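Colleague: Got a predicted structure here, sequence first:
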Amino acid sequence: MATVTLDQLTKKYPNGFVAVSELDIGIADGEFLVLVGPSGCGKSTALRMVAGLEEISDGELQIDGQRMNDVEPKDRNIAMVFQSYALYPHLDVARNIGFPLKLAGVPKQEAEAKVLEAARLLELEPLLASKPAQLSGGQRQRVAMGRAIVRDPAVFLMDEPLSNLDAKLRVQMRAEITGLQHRLGATTIYVTHDQVEAMTMGDRVAVLRDGLLQQVAAPTDLYEQPDNLFVAGFIGAPAMNLRMARLSSGNDGWQLQLGSQVLSLAEPVFDTHPTLRGYDGAEIVVGIRPEAIEDASVGGDDGRSRLSAVVSLTEALGSDLLLHFPLDAPSVEAGDPDTLEGIDDRMVIARVSPRSSARPGTTVELSVNTENLHFFDPQTELAIRG
């Protein structure tokens with residue numbers, strides 16, 4: 001396998017549009033890196049530059065320390081799996097998988113051995129004589145992956161490979177691709193717009209917006225320590241609740257004024273966010289993950305700060321119950337505009353225990369774990385911490 005270095009990688013089109021701007025990421029040997037972001041953020045363009053399908057306007061691409069900017073795609077030792085399976089309908093599975101080997105002039109016996117090994121890895125052995133029309137969507141995608149595997153490339157590139165599959169099959173294929181990548185130890189760059197897919201598959205996840213890298217980190221770090229408002233709003237389902245609030249200190253300690261309601265902040269909040277004290281008397285953006293809110297009648301009197309809410313909508317998910325309720329603190333828009341379209345931004349979402357008896361129209365007391373709140377500067381949109 002190989003290391004991949006994107007050093008200030010930039011793509012600027014003749015009309016002046018910058019699709020990717022100074023993308024700076026180092027990918028370790030055997031790492032699974034996911035590029036994620038909303039439609040049009042530049043993630044597929046970045047992948048195509050690595051593949052050699054898009055010309056690099058500025059910056060440098062290195063594979064195993066070798067500059068690749070002007071190297072032909074066929075000479076980069078990469079294999080790409082696309083959203084469309086791009087299988088030859090007149091060839092059976094074995095010949096589809098082995099097609100790159102035929103083009104490369106690999107001896108027949110060696111090629112057959114490679115095809116059988118790929119088929120074994122992908123559990124396609126019983127289907128080797130089948131034509132693509134006889135296969136399910138998931139089986140076709142595995143054939144496309146087999147065609148990439150037999151080339152024994154230095155780097156695998158995957159561009160939205162699961163987007164044509166139904167929800168159940170996507171979950172299954174996520175696990176299969178992740179397991180296969182671990183077995184092969186393959187350096188992989190994977191593009192998706194689905195943040196759940198990104199968080200469950202990647203060793204690290206790079207979040208892009210308008211061609212700019214927002215943050216690259218392990219999935220847990222992205223979730224627990226987003227660097228800015230965009231990452232905070234994009235990562236997580238349901239999304240983080242983002243509201244304007246005023247921070248103040250007084251005889252009653254530190255408080256957050258959220259519209260007509262007040263949350264008290266305990267001292268441990270400032271142990272993890274020491275620079276937050278500098279915002280005394282100022283407006284900040286507070287982020288509340290849905291799981292940081294619990295029905296106080298179920299969680300008991302734990303001494304946490306409380307919100308009083310009139311429930312507008314409930315969604316029973318089996319293991320959780322989502323409560324939607326209005327909060328009169330101004331909302332802050334972040335994340336994917338396509339995802340946010342049609343959502344009532346007055347509503348806050350809480351993920352509570354399914355034992356909660358809250359129903360639409362009822363008033364509930366909600367306890368908030370203020371130690372798990374996130375804080376952002378409204379001007380810079382950067383996280384307040386450290």
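Modeller: Ah, there it is. Keep in mind that this is a model prediction, so the values were computed, not measured.

Colleague: Would you mind finding the longest helix in the chain?
Modeller: Ranked by residue count, the top helix of the chain under DSSP state H comes out as helix 167-184.

Colleague: mean confidence score for it?
Modeller: The average pLDDT within helix 167-184 is 88.

Colleague: Restrict it to CA atoms and write it as CSV.
Modeller: The C-alpha trace of helix 167-184 is given here as CSV (Å, rounded to 0.1, in the frame of the first residue of the first chain):
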residue,chain,number,x,y,z
ALA,A,167,-31.1,1.6,3.1
LYS,A,168,-30.8,-1.9,4.4
LEU,A,169,-28.3,-2.9,1.8
ARG,A,170,-26.2,0.2,2.4
VAL,A,171,-25.8,-0.7,6.0
GLN,A,172,-24.7,-4.2,5.1
MET,A,173,-22.3,-3.0,2.4
ARG,A,174,-20.8,-0.4,4.8
ALA,A,175,-19.8,-3.2,7.1
GLU,A,176,-18.5,-5.3,4.2
ILE,A,177,-16.4,-2.6,2.7
THR,A,178,-14.9,-1.6,6.1
GLY,A,179,-14.1,-5.3,6.9
LEU,A,180,-12.6,-5.8,3.5
GLN,A,181,-10.4,-2.7,3.8
HIS,A,182,-9.1,-3.8,7.2
ARG,A,183,-8.3,-7.3,5.8
LEU,A,184,-6.4,-5.9,2.8
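
Colleague: Which strands border whatever helix or strand comes next after it, and is each parallel or antiparallel?
Modeller: Sequence-wise, the next helix or strand beyond helix 167-184 is strand 187-192, with elements assigned using DSSP states H and E. Listed by DSSP bridges, the sheet partners of strand 187-192 and their directions read strand 32-36 (parallel), strand 155-159 (parallel).

Colleague: Where does the prediction get shaky in the stretch 151-300 of the chain?
Modeller: Per-residue confidence of the stretch 151-300 of the chain (counting by pLDDT under 70) places the weak regions at 300.

Colleague: what about the helices in it?
Modeller: Using DSSP state H, counting those that start in this stretch, the helices of the stretch 151-300 of the chain run over 167-184, 195-201, 219-224, 229-234, 267-272, 296-299.

Colleague: distance of the residue of the chain positioned farthest from its centre from Val310?
Modeller: Counting by C-alpha atoms, centre = their mean, the extreme residue of the chain relative to its mean C-alpha position is Asn251, 42.8 Å from that point. Computed as C-beta to C-beta, to the nearest Å, the Asn251 to Val310 distance reads 30 Å. Just so you know, the C-beta spots here come from the backbone N, C-alpha and C atoms, and that holds for glycine as well.
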